[in-house]
Structure formats: structure tokens, C-alpha cells
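# give the three-dimensional model of this entry:
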Amino acid sequence: MSTVDKMLIKGIRSFDPENRNVITFYKPLTLIVGPNGAGKTTIIECLKLSCTGELPPNARSGQSFIHDPKVAGETETKAQIKLRFKTAAGKDVVCIRSFQLTQKASKMEYKAIESVLQTINPHTGEKVCLSYRCADMDREIPALMGVSKAILENVIFVHQDEANWPLQDSSTLKKKFDDIFSATKYTKALEVIKKLHKDQAQEIKLSQKDLEKLQLLKDAAYKLRQSITQDQEESERLGSKMHDLEQNIQNVGTKILQTEETLKEFRKLQDQVAIKTAERSTLFQDQEKRYRDLDEENDDPDEDLREWHAKFSERIAVLEDKINKSQREIEDIETKRSNSQEQINDHIAEVSKLRTEVESYTELKEERDLTIQELYKQQNLGSLRKAPYSNEIASNHISRIKSRLKDIEHDLEEKKRSMDAELKVAWDLYSVSSDRCKNVKAQKHAKSEIKPGIITRRKEKEIERDNLELELSEYDVHQIDHKEKNLGTEVDRLSRRLVQGEFDLKIQEKSTEVEVLRNKIKHLDREKDIINADSNERIKLSYKKEELESLKKKHKKIMDEHKNKIRGVLKGRLPLDKDLKKEVTQALSAITTEYEDLNSKSRDADKDVNAVQLKIQEVNNNLSKLHKDKDSRKRVIESKLQTLDQQSASIDFYIKVLDVVKEKRDVHKSKYNIADGMRQMFDPFERVARAHHICPCCERPFSAEEEDEFVKKQRVKSATSAERMKSLAMESSEAESNFQQLEKLRLLYEEYTKICKESIPIAEKNLIELKEELEQKTQALDDVLGVLAQISSDKDLVESLKQPVDMCDRLLGEIEKLQKSVDDFEYKLEISGVGVKSLEELQRELNAAQNAKEDLERELGKLREERREVELDLQRVTSRWHHEREQKVKVKNASDNLKKVEDEIEQMDEETNQLDIEIKHLEEAVGPLSKEVEKYNIAYENMKNKVNEEYEEQSELKRKYLQGVDTLDKLIYKIERYEKENIPEKLKDLEEKQALEHSKLQSYNNKKQELSAEINKAADVVRNQDKLRRDIDDNLKYREVKAKVDACALEIESLEERMLAMGGSSATEAVLGKLSKERERLLSELNKYLGTVAVYQKAISKNKIDLKNPEYKDIDERYFDQLLKLKTTEMANKDLNKYYNALDKALMRFHSMKMEEINKIIRELWQQTYRGI
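Just a heads-up that it's a prediction; the model follows:
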């Protein structure tokens, strides 16, 4: 068991900082006795602070716990507490805590300087000091004592101000017991289960809402599916009805078609009857007409009449055929005769034409020869013999003439091109000069036109400048600025005065006060008139009022004393008196909860820091272990390398040494193998040489001496190779041994490399990360501890307000009771028509109200007058200020305009001067350019006239020559045509043909006369037989018409019989009408069904589209999943509730058991301590 031995106190509360006060604690009991203020409580506070690090209540964050520097007359006070105690293991430990309190300019600063634990080394007997952070010290001492901090703080070293914690509210008591009995983790588990239960309940509510939504969606989806099924069934039912209707419609349609066919047939028969009737009527009329036209009706049979008509027709036909034949022959003869006459006329014309051409041919040849002579003479082509010329000679002359024409044309083209080139050069010179001259003149004209405009604008600007100067001369600019500034200042001053004076608000307030006083005066007058004093009731009322005022003053005094503290606690807010206790209690509860949460967070942060420190220690141990492993492997490898190769004893050369040793081993092994192979060849070589007497290598025959020499050499080499083999075997074995030794070290080297390159860097990285995490956790712990200290001081402040607030609340209750009693008295007096005030009081109050009313009316008049004066002054000054500002703006605008006009005038002067210079230069340039243009124009015109005259002369010569050639070509063409057509022979043939045609024409005339006589004779015979033929024809036609009339009558009768057999048209039309109405009815019913089916199909499509919406997708599975989730969550939540209740009961049982144990221990200790007393 841990015990406290001694404690040194210096600079704590009333203990002097310069003296060392030592208290020794005796066994089994130490009593501390002394007057008030001697420091008894301070000893308990020091014990608690040494063991737990917790400052006592009302210590103001340590400022009131350390000795006041002002009392000591210093700016800084240092304090120290030393506590020597035995740990639970019986080890002596000294705890030293040092503090410092510094007086700053406006506040005092408290600081914990040092926390040290001193122990004695049991081996050496020396003192060992370990410095700790405060938080570490606060954890270390309870651990050494074997008692929890909660027991030290709340049981063993509990402060007298906090000793009534068992009487606090249940939540605080429960937390204290949890801390004392180390049941915090179980309470946290309860809180977690409770929070989880709450979250699960919230989730269940949300799940129920989701389930209700899914239920609605599921019902809607079921309704949609049911609607789709019903609509499909109705559609199928209506489809079968529609199919029956379509069959009925088809049958009715077939009947209608049959009836229509019958009706059509009947109407066709009617039409045929009508046609035949009309035809019969027409034929009957024709029959009557023919009967009337008959001269005599013949009674002979039709066959005789037809026979007579046929024979008569044959005779007439023979005669007519003969006449026609003769007429055709006459027509043919006439045609031949006319053709012969035409040919004769043509022959006469052609003969005359050919005779003319023969005459013109002679003339053409003479003209040709004459033209050739003229052209030769004109072009001086040489001498010619006398005409006429043959065609060949004329052709040669013409070729020469045409060649000359080509030469003339070529010369004329060449001359024309040269003339055109000369003219183009002259025209280019003229054009360039003319363009330059025109440009200069145009520029001069443009400049001349610009100048008058500039001069006019300059005059206008000068006039404007004069006007502006005249306008500016009327103003004094400096005086206007000065006035404008002064008036602006005055306007600001009056505006501020009008605003700051708050005349309207004051007038309104004064008017309201005057009206209130008027009403009060009226009321007092009424009270004065009806007052009737009752002394007993008034005396009681006055006593009650005096008592009420005293309570109010007391309440106000307490509130004034603690007003700043209340505002500090309630963050600057001062609540109503009736709500003060409630809000202070709520603030205390909130800050207590916050303090407990922060305390819990500080413990958690402390645990995190310890956990990180343990991890760092573990990583450090691991890192040191890795370094040791690395060094041990390095020493082993380097010692082995030193034994093998002293020059490469470092571990860095291990791979290099291994490669060298391996290479050396391979070389020695190779040498040994070669030597062994050679040794094995010596005996076979010797046997081959002895057996075959030849060289084993090249198979050359050996002589006896050579063979002996070879065998001798082989034996010498075999003897020396044995020694060499031995030395090579030893070297190879040594190399193999070295290699094997180094190879065995490879695993160690790989482990060494892995430790250096992987394990150690990873461990160092982890160490750095853990140190960073430790710094973060430590910083977080310091922050939490700082906030916890602040919250603790706030909590102490709130707790200090509890007693005065209770007092205020009690006084407020008494004030309310007295106020109610006073109100009751006043109400009784008012009900009875008696005022609660005396007559003197009413008179004084009335006089005071009248005086106050008169004063307020005077003040109100003054305020209104003052406001009116200020407003008038402001209005006058503002109008003057605006006037001056307008004058200033006008002056500024005029000045700006004047400056602008002067700049524009200067610019115009510069432009005018520049224009004069440019016009002068242009005038000087126009003269030479005009002369140059005129010169080039004259030269161009002269050259053009000269070229045109020369070209016209040459063209005229060419034209005349070409005209002669064309004439000659025409003559040649006519001559050649005449010769090609062979006109003399044609003329002779035509004369012969003409004589032959004259003889044919005479024979045609004779034959025509003979045929005309025969035709006249036959025509007379035909005319005599014509009358008899017409009579026979008329009888035959009459009989034919009569027969047709009888046939039409028979056909009409047969058609009418068929119509009678078919029935009347009205009956058929009636049947057709009935069938049509039936079909329309069936079609209407079918369309009705079609519309209904379309509506059903549309509804089915719409419902299917609705079912495809994402909200209906997998709705049954989603509903089942949500229902399953809800049920499982509810079951889990019920289990959580059971766990919570079970754990809560177990925890309460645990508290009861612990309390029973504590009571038992206290009872035993009490009996042991006071045994025998």
C-alpha cells in the first residue's frame, strides 16, 4: 500500500515563498489543526495537486493559488511543492512540482515550470531525477501509488468545496462513480449502444418511410399490371366480336354486290329496251317514208327482185367498168401529154441557156486574158505574148499573180506592226505625261477647294473665341471658387446640424410627452375629484410598498454586484430576472458537460500519445536490433575476407573478391583437366608407336632410332607430368576451398544488404512518421489541456454564481408575492372608487405634471423654431451654393471651350499654310507638265497621220490588186465550170430530145379523141337503164327496213319477258337499301369496337411505359429487400436495447458491489483506527 511521508510547501497561497514549510505525516493518523486562514485546506490542495495535477476550485487558473506577487512586493513569485511517498511496491519517490506567477501590465500570468520525479538507484544508492511533462506526471504518480486519479481527486484528497459531490445530480454522480470504479469504458459502451440504438431507430423510421413509398409504388405497379391484363382481356374479347362483325359485313357486302349486279342487269335491260324502242321507231318512220316514195309496190318475191337487181347491176357494172377504164386511159394520156409538153418547155429553156453560156464562155476567156495583162502591167511582172492564152498558160500567170499578192499582204502586215509599235510608244509617253498632269491639276483643284472651307471655319472659330473671351471676362474665377468652397462647407455644416440635431425625432418625442402629460393631468384631475381617503388601507399599502422597495433594492444590489460575472458567463447577455436561475443552471450544465467531454478527450489524447511513444520505443528497439544484426554480419564477412585477402578486407569488396576467387578456381580447374588429359595420352601413344612403328599423331613411319627416341621422350614427360598434376591438384583444391568459404557467406551478405537497403530505411521512415505523429498528438493534447484549463476556470466562475443567483431567485419570489399583495390593495381601492394616493400626493403630482407640460411645450416651440431657422438657412445657402456651382461649371466649360477653339484655330492656320505651300508647288509643276503633254500629243498626232496615210496607200494598192485577183478567180471558176459541164454536147442532146417529145405529143392527142367517143356511147346506154334500177332498189330497201322493224319488235318483247322474270326495280332497290343500312350498322359497331380497342391499346401502352419507369423497376424485389432490411434492423435494434439494459443493470450492480466493498473497507479501517476508543 502506498503512503505519504513528507511534503514541502513554498509560495502556495499564504505560505511564504522564501521559507520552506515541511509537513510530516505520521502513522496511522495525522491531525491538522489551526485557525481560519492558517493553511489547513492549502495542505490538502497541495497533496491533491502533487498527486493529480488538478488545481483547487476558485483558483482562477492558478492565479489565486500561488502567493500574490503584490503581497510579496515582487513582480514574480515562484512556488514549489515536494511530496515524498512510498509507492505500492514500497519504493521511496519524491515528486517535485514548480510554478511561477508573473505580474504583467494588466493581468497575472500563471505557469507550471517543472515536474520532476526523484528515485534512489537500489544498486548505487544515487538519486535519479526524471523530468516529465505535466500531463505525463499526472499519469505517472497515480500509477506509482497504485490508486486511480479519480479516487485521489474525489475520495482521498477531495476539496471541502467539492465534498458534497455525492449529493449532486444523478448524471454527475454516475460519472464520478464511473471514474472512481474505472467503469468509463462500460459507460462509453453504453453511450455507443444508446447512440447506435438511436441511430438505428432513426434508420428504422427512414426505412419505414422508404417501405411505405415502395408499398405505394408496388401497389401502383400491381394496379398497372392488373389494368394491362384487364385491358388485354377486353381487347381480345372485342377482337373476337370484331372478327364476327367483319364476317357479317363481308356476307352483307357479298349480298349487296349480288343485288347491285342484278340491279345493273335490270337497268341494262331497260336501257336495251329503250334503245330498241327508239331504233324501231326510227326504222318504222324510215319504212313509212320509203313506202310513200315508192312509185309502185312490187309483189314479186324478194329472191326474184334480188336476182333482177343482180343481173341489172352486172350489166350496169360492165358498162360502168368500161366507161371507167376509158376515162382512166384518157387521164393517163392527158398525164403523158402534159409531161411531154413540160419536157418540151424545159428543153427549150435549157437549149437557150446553153447557147447563152457558149457565148459567155468566149467572152470570159477574152476577159480573163485582158485581166491577166492588166495585172502584169500593174505589178510590173514582166512581158506577155499576145492573147488568147491556153488554160495552162493562164494558170501559170494566175499563180504568179497570187504569189505577188501574198508578198504584198506580208509586207503590209509587217509595216502595220512596226507602225503600231511606234504609235504605242508615242501614246504611252503621252498617257503618262497626261496622267501626271491631270493628277497634279486634280490635287491643286482639291487643295484650292479645301482652303476656302478652312478659312470659313477659322472665321467662325475666331468669332466663337471672341464670344468665349467676352463671356469669361464677365466672371472672376478665383472669387467663384472661393465662394463655392465656403458655401459647400456651410451646406455640410448645416446638413450635419440638421441631421445631428434630430429635430423631427425630438419634436415627435416632446409632442408625445406633452400628450401623455395632458392625459395624465386629466386623469389626475378626475382622481382628485373622486378621491376619498381610507387611512387603514393606505397605511398597509404604504408599508407593503416600503417592504417591496427594500426587497427590490436588495435584489438590485446583488444583481449589480454580479452583473459583470453573469454577462461573462452568458456571453455578454443579461437575461430577465425570472429566467436568470434557469439560464445560469443551463450554462453550468453545458459547461460541466463540455468540461467532462474535454477531460475525456484529454485522457484519450494522453492514451494516444502513450501509444505512439510505445510504438516509437518499439521501432527504436527494432532499429537498434537491425543495426546490431548488420554489424555482426559485417564483422563475420570482413573477418573471413581478411583471412582470405588482407587487401580487400572491407565488406564492399565481397562481390569483387568472390568473382576473383571463382575465376581463379575455374582457371586452376581448367589447367588440371588439361594436364590430366595429356597424362592419359602418354601410354596410348607409346603403345601405338611400339605396335605399329608409326607416329600416333601424323602416322609417319618411325625408324628404330626415332621410335626409341619418341618412347623415351614420352616416358620423361609422363614422369614430369605426375609432379605437375600433384601441384595443380593442390592449387585447384585450395581455390575450390576458398570459393566454397566465400559462397557460404553469400547468404549472410544478402541478409546484410537487405538490412541496409530495406529494413533499416523502412524502420527509419516509420520512426520519422511516428515522431511526426507524436508531435501532432502532443500538440493536440496540449491544445485540449489548454482548452480544458480555460473551461475549468469558466466552470469555477459559473459555480461561484450559483449562490447569489439562488438568493436573487428567492428575493424575486418574495418581490412577486409582495407585488401581488400591493396590486390587490390597489385594486380594492380602485374598485371602491378610492385612489391609492393621498390628496397631497395627487396635488404634487398634478403640479409637477403641469410644470413639466409647460416646460415641454416651451422646449417644443424652441425646437420647432430652431429647426425652421436651420432649414431656412440650409435652403438659402444651398440655393446660393448651387448657383455658384453652376457659375463655376459655366466658367470651366467656357474655359475648356476657349482652349479647344484656340487649339483648333492654330491647327487651321497650320493647315492653311500647308495648303498654300502645296498649291504653290503644284502650280509650279503644272506648267512643265502641260508643255510636255502638248509636245507628246503633237508628236503622237503627226505620227498617227503619217502612219495612217502610208497604210491607206498600201491598203488601196492591195485592195485594187486583190479586186483584180478576185475578178480573175471568178472568171477562172466560170471557165472551169463551163469546161467541166461539156455544154456543146449537152446542147446537141437536148435538141434531139425536143424533136422526139413533139412526135409523142401528137400521138397522145389522137388517142384521146378516140377514147372520148367510146365513153359518150356507153354513158347513153347506162342512162336508159337507170330508172328501172332505182325502182328495184327502192322496193328492196323498203322490204329490208320492214324486216328490221319486225326484228326490233321481237327483241323488245324478249327483253321485257326477261325483266318480268327478274322482278321490278323498286323491290331490288328496297332490298339493296336494307342491305346497305345493315352494312352501315355493322360498320358503325365495328368502328365503335375499333375505337374501344384503340383506347385499351393506348392504355396498355401507357401503362407499360409507366411500368418501365426506373421507380417501378424490380419493385417487388426492392420492396422485399427493404422489408427484410427493416425487419432485420428492428430485430437488431431490439437486441441493442436488450444489451443496453443488461449492461446498465450489470454496471449498476457493479457500482453497488463496489460501494459495499468501500463501505466494508471504511468500516474496517474505522474499527482499526479507533479500536479501544
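
# make it CA atoms for all contacts and neighbour counts henceforth
Fine.

# could I get the pLDDT score of residue 1171?
Turning to residue 1171, the model gives it a pLDDT of 63.

# typo on my end, residue 79
For residue 79, the predicted pLDDT is 90.

# for residue 997, which three-state class applies?
Look at residue 997: counting by DSSP: H, G, I helix; E, B strand; the rest coil, its state is helix.

# now do the strand or helix carrying residue 628: which elements does it pack against?
Assessed by DSSP states H and E, residue 628 sits inside helix 577-644. Contacts defined by 3 or more CA pairs under 8 Å, 6 or more residues apart in numbering; DSSP states H and E place helix 577-644 against helix 535-569, helix 746-754, helix 760-800, helix 802-831.

# rerun at 7 Å
If you count contacts as 3 or more CA pairs under 7 Å, 6 or more residues apart in numbering; DSSP states H and E, helix 577-644 packs onto helix 746-754, helix 760-800, helix 802-831.

# the longest one - contacts with which helices or strands?
Packed against helix 760-800, as judged by 3+ CA pairs under 7 Å, 6+ apart, are the following elements: helix 577-644.

# can you name the element that comes right after the helix or strand that contains residue 341?
Taking DSSP H and E as the criterion, residue 341 maps to helix 302-379. Downstream of helix 302-379, the first helix or strand assigned by DSSP H and E is helix 391-473.

# what's the average pLDDT for that following helix?
On average, helix 391-473 scores 74.

# not counting sequence-adjacent ones, nearest residue to residue 217?
Excluding its sequence neighbours, the residue lying closest to residue 217 (CA to CA, 6 or more residues apart in numbering) is residue 1112, at 6.5 Å.

# wait, that neighbour touches residue 221, no?
Yes: Residue 1112 is in contact with residue 221 according to CA atoms under 7 Å; the separation is 6.5 Å.

# the two: which has the busier surroundings?
Taking neighbours as other CA atoms under 10 Å, residue 1112 and residue 221 compare with residue 221 leading, 21 against 17.

# gap between that one and residue 1095?
According to CA to CA, to the nearest Å, residue 221 stands 20 Å off from residue 1095.

# ok so, going back, angle of the helix holding residue 628 against helix 760-800?
Angle of helix 577-644 versus helix 760-800, following axes from the mean of the first three to the mean of the last three CA atoms, to 10 degrees, is 160 degrees.

# helix 577-644 - what's its average pLDDT?
Computed over helix 577-644, the mean pLDDT rounds to 78.

# got the angle between it and helix 802-831?
Going by the same axes, to 10 degrees, helix 577-644 makes 160 degrees with helix 802-831.

# for residue 112, helix, strand, or coil?
From three-state DSSP, the assignment for residue 112 is strand.

# does it touch residue 99 like I think?
Yes: at 4.5 Å, residue 112 counts as touching residue 99 under the criterion of CA under 7 Å.

# so what sits against both of the two?
Counting by CA atoms under 7 Å, 6 or more residues apart in numbering, no residue touches both residue 112 and residue 99.

# which of these two has more neighbours?
residue 99 (19 against 16).

# what pLDDT does that one get?
88.

# any idea whether it is helix, strand or coil?
Per three-state DSSP, residue 99 ends up strand.

# wait, it touches residue 109, no?
No: with contact defined as CA under 7 Å, residue 99 does not count as touching residue 109 (10.8 Å).

# what's the lengthiest helix in the chain packed up against?
In the chain, taking DSSP state H as the definition, the longest helix is helix 839-981. Other helices and strands packing on helix 839-981, by 3+ CA pairs under 7 Å, 6+ apart, are helix 302-379, helix 391-473, helix 477-501, helix 503-530.

# average pLDDT for it?
75.

# what about that helix, distance to the chain center?
Relative to its chain's centre, helix 839-981 lies at 49 Å (CA atoms, centre = their mean, to the nearest Å).

# could you check the angle helix 503-530 makes with that helix?
Using the same axes, to 10 degrees: helix 839-981 against helix 503-530 is 150 degrees.

# need the three-state assignment for the closest residue to residue 662 other than its chain neighbours.
Spatially, and ignoring its direct neighbours in sequence, residue 662 is nearest to residue 739 (6.0 Å; CA to CA, 6+ apart). With three-state DSSP as the basis, residue 739 sits in helix.

# contacts only, for residue 739.
658, 661, 662.

# let's have those in JSON lines, adding secondary structure and distance to residue 483.
Below are the contacts of residue 739 laid out as JSON lines (DSSP: H, G, I helix; E, B strand; the rest coil; distance: CA to CA, whole Å):
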{"residue": "658", "secondary structure": "helix", "distance to residue 483": "108"}
{"residue": "661", "secondary structure": "helix", "distance to residue 483": "112"}
{"residue": "662", "secondary structure": "helix", "distance to residue 483": "113"}
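
# out of these, which is nearest to residue 1106?
Of all these, residue 658 has the smallest distance to residue 1106: 82.0 Å, by CA to CA.

# and the closest one, how far from residue 730?
From residue 658 to residue 730 the distance is 20 Å (CA to CA).

# circling back: pipe the contacts of residue 739 into JSON lines and attach pLDDT per row.
Output for the contacts of residue 739, formatted as JSON lines (pLDDT from 0 to 100):
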{"residue": "658", "pLDDT": "76"}
{"residue": "661", "pLDDT": "78"}
{"residue": "662", "pLDDT": "81"}
